[in-house]
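> next come a sequence and a model predicted from it.
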Amino acid sequence: MQQPPPVKVEREGDIAWVTIDNPPVNATSIGVRQGLANAVEAVKGARVAVLTCAGKTFIAGGDMSEFDAPPVEPHLPDVVQMIEDSEVPFVALMHGNVLGGGFEVAMACAWRIAASDTRFGLPEVKVGLIPGAGGTQRLPRLVGMEAAIDIACSGKILTAQDLLDLGAVDYVAEDLQSAVREFVTDLPDRPVPVSQRDVPKYPPELIEKSRETLLKRSKGQQSPLENLTALIWSSEPFAKAQPKERARHLELRQRAESRALRHAFFAERNVARPLAIKGAIPRDISRIAVVGGGLMGAGIATAALLGGLSVTLIERDADAAAAAHERVAGLLQGAVSRGKLTGAQLQDRMEAFRAVDDYAAAADAQLAVEAVFEDLAVKQQVFAELAEYMDGEAILATNTSYLDPMEIFAGINNQACCIGLHFFSPAHVMKLLEIVRTPHTSSEVIATGFAIGKRLGKISVLSGICDGFIGNRMLAAYRREADYLLADGALPYQVDEAMREFGMPMGPYELQDLTGLQIAWANRKRNAATRNPQERYVTIADQLCENGRFGQRTGKGWYRYDDGNRTPIRDPDVESLIESYSAAHDIQRREFRTEEISSRLIAVLSNEGALIVEEGIAESAEAVDMVQIHGYGFPRWRGGPMNYSNEIGPAVSRQTMETVAAENPGSWRIARER
Ligand code: NAI
């Protein structure tokens with residue numbers, strides 16, 4: 001079947017209607033660029049041209065699938081310029097998303113009219129780029145330098161009202177059709193084209209201040225600073241600066257940072273559709289039960305309420321239920337303070353929530369998520385009680401970190417409805433949800449897990465069963481190597497610094513102090529009997545726990561914390577404990593360079609990730625990268641450990657892993673390939 005042309009021009013008296021129809025999001029792919037170039041010719045003779053888009057949105061960006069290939073003519077900046085220079089002035093009539101190339105096209109039009117729910121932005125920074133079709137040059141001329149920095153360097157989304165306040169749209173309307181008809185009937189004088197205007201004066205210190213903020217915030221990512229640089233070029237004439245912007249845009253497309261961010265962008269979409277749910281239809285879930293209202297249960301209940309579900313939380317006794325109720329109310333109140341919820345919505349959400357101490361209350365829930373103590377017998381008992389009251393087809397989910405879901409669900413008849421939903425702390429904030437399938441979980445139930453994840457705004461990743469699933473198993477490998485580094489010569493602050501320098505928000509030891517050392521300790525004790533005797537086992541972390549050093553909550557862990565302060569302070573007690581450990585094991589401590597530390601730890605992470613894929617625990621390397629980025633703070637601009645090791649070359653990464661493994665052969669298995 002022949003596709004309709006992506007750009008159509010129709011005349012209605014002296015008005016030319018130019019309509020882009022390039023589903024799904026009217027991206028500026030080659031057909032659209034060519035169509036727009038032709039349209040500038042075709043509208044000649046009209047009094048005004050109205051540029052609009054079919055479907056749900058205006059142009060929502062470029063076509064990223066074209067980014068790896070050399071650009072094809074006509075290039076977007078030229079098309080945008082043709083629109084601005086057109087002898088017939090253009091009105092942009094916008095709805096949906098006006099992003100990237102879409103915003104650049106809109107800025108070249110003489111006037112801009114937007115539906116009130118239109119969203120605007122230049123998200124190029126989020127894929128490691130700067131705009132390439134005049135965005136960084138027209139935007140400061142249109143909205144001023146301060147707002148332009150705010151928009152282009154963060155990639156944030158603005159509303160139509162924001163744009164109206166900035167003077168960047170002429171009209172915001174509920175009914176676009178009648179608004180534009182009224183507007184073109186009495187057309188104002190054609191304004192000076194945006195590219196020919198001066199950038200409004202701004203305080204000279206603005207640039208340096210912004211640079212400092214961006215340097216701090218971007219943690220090694222270059223694109224926010226690249227955008228700032230390009231915005232500064234707007235002090236030069238447009239005709240000189242715009243080609244520089246274009247050249248830099250094309251250069252950045254070839255850089256590792258942009259490749260990594262685009263990898264993350266596509267991986268997010270791909271992991272949401274694992275093969276395991278192909279063709280499966282998720283159930284429609286509206287009522288859930290959460291068992292256990294501690295740290296995780298309260299967070300999960302909050303996330304579910306924010307996602308619009310009704311939640312019944314079940315605790316051990318009335319006091320614990322009251323405490324859990326308070327915890328959830330506090331978290332929802334926090335959402336109000338952050339502007340995520342209005343007062344009226346808070347009331348509605350509180351009405352959809354109850355905390356009780358009676359399992360019978362779970363009777364009408366379609367799904368139960370268990371988040372009680374990490375204890376097999378306790379969890380088995382919880383599910384036995386739930387099974388007694390809930391429908392036989394209801395979904396039973398565990399939030400266990402390390403226990404085997406097969407053992408947890410051993411006593412349940414309907415194994416097809418049992419699943420792991422592993423949230424990360426704090427559960428109402430962290431994006432990652434590991435969906436753990438057992439060999440018996442039905443594809444319908446897995447698909448329902450994904451639907452719930454989406455409803456709660458999570459990035460869901462499918463995992464099979466292994467110790468720690470995808471994320472905590474990788475974390476264990478990462479910590480194991482970090483502990484070897486300590487035993488062999490490094491100190492916690494050096495390891496933490498090296499990983500921060502790599503781009504992690506925190507090093508492994510600061511992070512352990514923040515989240516607490518107990519759960520991993522309990523897991524190590526549980527696994528002691530079955531641990532491979534060939535594996536080198538460093539006991540420094542255990543010694544800290546034995547000394548009551550569980551992290552920030554106890555005022556000390558790998559570091560010291562003074563008076564409830566969260567800033568880690570190096571602790572000579574810990575450092576001498578480490579040095580005595582080395583001495584007691586006849587280890588000659590040696591220096592580790594910062595880069596040596598990070599390259600070893602990342603090699604270990606990507607090796608473990610490759611093993612996880614090899615064993616079929618994760619469906620793809622992309623899934624592993626998503627777990628690391630959304631659950632463990634791996635820098636998105638590095639694309640995750642699998643992407644990173646690909647980028648530096650699998651052979652390089654493998655060689656580092658071989659060096660690591662050669663030092664402690666019993667501790668590591670090397671993946672076949674990655
Ligand atoms: P927590 O100790 O803060 O909360 C557990 C809650 O369960 C307590 O409020 C307790 O009163 C309640 N509870 C215990 N037995 C119960 C029963 N029979 N019926 C009803 N309620 C009962 O523990 P936390 O940290 O929330 O962990 C819960 C689960 O989530 C554990 O399996 C843990 O491994 C897992 N998890 C923990 C993460 C974390 O960062 N803390 C992250 C991801 C999973």
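Perfect, thanks for sending it.
> which residues does stretch 160-179 contact?
Defining contact as Cβ atoms under 8 Å, 6 or more residues apart in numbering, one finds that stretch 160-179 is touched by 52, 93-95, 107, 111-120, 142-144, 147, 158, 180, 183. All C-beta spots, glycine's among them, are computed from the backbone N, C-alpha and C.
> which of the residues you listed are buried?
Neighbour-count burial (16 or more other Cβ atoms under 10 Å) applied to the contacts of stretch 160-179 gives 52, 93-95, 107, 111-115, 118-120, 142-144, 147, 158, 180, 183.
> mind checking which of those are in strands?
Using DSSP state E, the members of the buried ones among the contacts of stretch 160-179 that fall within strands are Thr52, Leu93, Met94, Trp111, Arg112, Ile113, Ala114, Ala115, Arg119, Phe120, Leu158.
> wait, the fifth one touches Met94, no?
Yes - contact between Arg112 and Met94 holds when scored by Cβ atoms under 8 Å: they sit 6.7 Å apart.
> mind listing the shared neighbours of these two?
Taking Cβ under 8 Å, 6+ apart as the criterion, Arg112 and Met94 both touch Ala106, Val169.
> near the ligand, which residues of this protein are found?
Residues of the chain lying near the ligand by Cβ under 6 Å from any ligand atom: 291-297, 314-316, 320, 371-374, 378, 382, 399-401, 423-425, 515, 519.
> selecting buried members of those residues in ChimeraX, what would you type?
Here is the ChimeraX selection string for the buried members of the residues of the chain next to the ligand, based on 16+ other Cβ under 10 Å:
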select :291,292,293,296,297,314,315,320,371,372,374,382,399,400,401,423,424,425,515
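> and the residues of the chain next to the ligand, which of them are in strands?
Judged by DSSP E, the subset of those located in strands is Val291, Ile314, Phe423.
> tell me who's in contact with the residue in the chain that the ligand sits nearest to.
Residue nearest to the ligand within the chain: Gly294 (1.9 Å; Cβ to the nearest ligand atom). For Gly294, the contact set (Cβ under 8 Å, 6+ apart) comprises Ala324, Ala371, Val372.
> and the residues you listed, which of them are in helices?
Counting by DSSP state H, these place Ala324 in helices.
> packing partners of the host helix or strand of His630?
Using DSSP states H and E, His630 sits in helix 621-632. If contacts are counted by 3 or more Cβ pairs under 8 Å, 6 or more residues apart in numbering; DSSP states H and E, helix 621-632 sits against helix 256-271, strand 432-436, strand 459-463, helix 469-488, helix 594-614, helix 641-648.
> which residues sit against the last one?
Looking back up the chat, that one is helix 641-648. So helix 641-648 is in contact with 256, 259-260, 263-264, 474, 602-603, 605-606, 609-610, 621-622, 624-625, 628, 634, 638-639, 652-653, 674, going by Cβ under 8 Å, 6+ apart.
> quick revisit: so which of the helices and strands packed on helix 621-632 comes closest to Met390?
Of all the helices and strands packed on helix 621-632, strand 432-436 sits nearest to Met390, with 19.7 Å by Cβ to Cβ.
> which residues are contacting the next helix or strand after the closest one?
Next helix or strand after strand 432-436 toward the C-terminus (DSSP H and E): helix 443-455. For helix 443-455, the external contacting residues (Cβ under 8 Å, 6+ apart) are 272, 274, 276-283, 285, 307-309, 367, 395, 397, 416-419, 421, 433, 435, 437, 459-460, 462.
> for helix 443-455, give the mean pLDDT please.
Mean per-residue pLDDT for helix 443-455: 98.
> in it, what counts as buried?
For helix 443-455, the neighbour count (16+ other Cβ under 10 Å) marks Ser443, Glu444, Val445, Ile446, Ala447, Thr448, Gly449, Phe450, Ala451, Ile452, Gly453, Arg455 as buried.
> now that helix - C-alpha only, CSV.
The C-alpha coordinates for helix 443-455 follow below in CSV (Å, rounded to 0.1, in the frame of the first residue of the first chain):
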residue,chain,number,x,y,z
SER,A,443,3.3,-14.9,30.7
GLU,A,444,0.0,-13.2,31.6
VAL,A,445,1.2,-12.6,35.2
ILE,A,446,4.6,-11.4,34.0
ALA,A,447,2.9,-9.0,31.6
THR,A,448,0.7,-7.8,34.5
GLY,A,449,3.9,-7.1,36.4
PHE,A,450,5.1,-5.0,33.5
ALA,A,451,1.8,-3.2,33.3
ILE,A,452,1.9,-2.4,37.1
GLY,A,453,5.5,-1.2,36.7
LYS,A,454,4.4,1.2,33.9
ARG,A,455,1.5,2.4,36.0
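> any idea of the angle that helix forms with strand 432-436?
Per axes from the mean of the first three to the mean of the last three Cα atoms, to 10 degrees, the angle that helix 443-455 makes with strand 432-436 is 170 degrees.
> can you give me the offset of helix 443-455 from its chain's centre?
Mean-position distance between helix 443-455 and its chain equals 19 Å (Cα atoms, centre = their mean, to the nearest Å).
> just want the angle from the helix or strand where Asp513 lies to helix 469-488.
Taking DSSP H and E as the definition, Asp513 sits inside helix 508-515. Orientation check (the same axes, to 10 degrees): helix 508-515 against helix 469-488 gives 120 degrees.
> what's the end-to-end length of stretch 412-419?
With Cα to Cα, to the nearest Å applied, stretch 412-419 spans 12 Å between its terminal residues.
> got phi/psi on Glu236?
Per-residue torsions, Glu236: phi -90, psi 160 (degrees, to the nearest 10).
> run a quick neighbour tally on it.
Neighbours of Glu236 under the rule other Cβ atoms under 10 Å: 12.
> so who does the residue nearest to Lys340 when sequence neighbours are not counted touch?
Leaving aside its chain neighbours, Lys340 sits nearest to Leu306 (7.3 Å; criterion: Cβ to Cβ, 6 or more residues apart in numbering). Going by Cβ under 8 Å, 6+ apart, Leu306 touches Leu332, Ala335, Lys340, Leu341, Arg349, His428, Leu456, Gly457.
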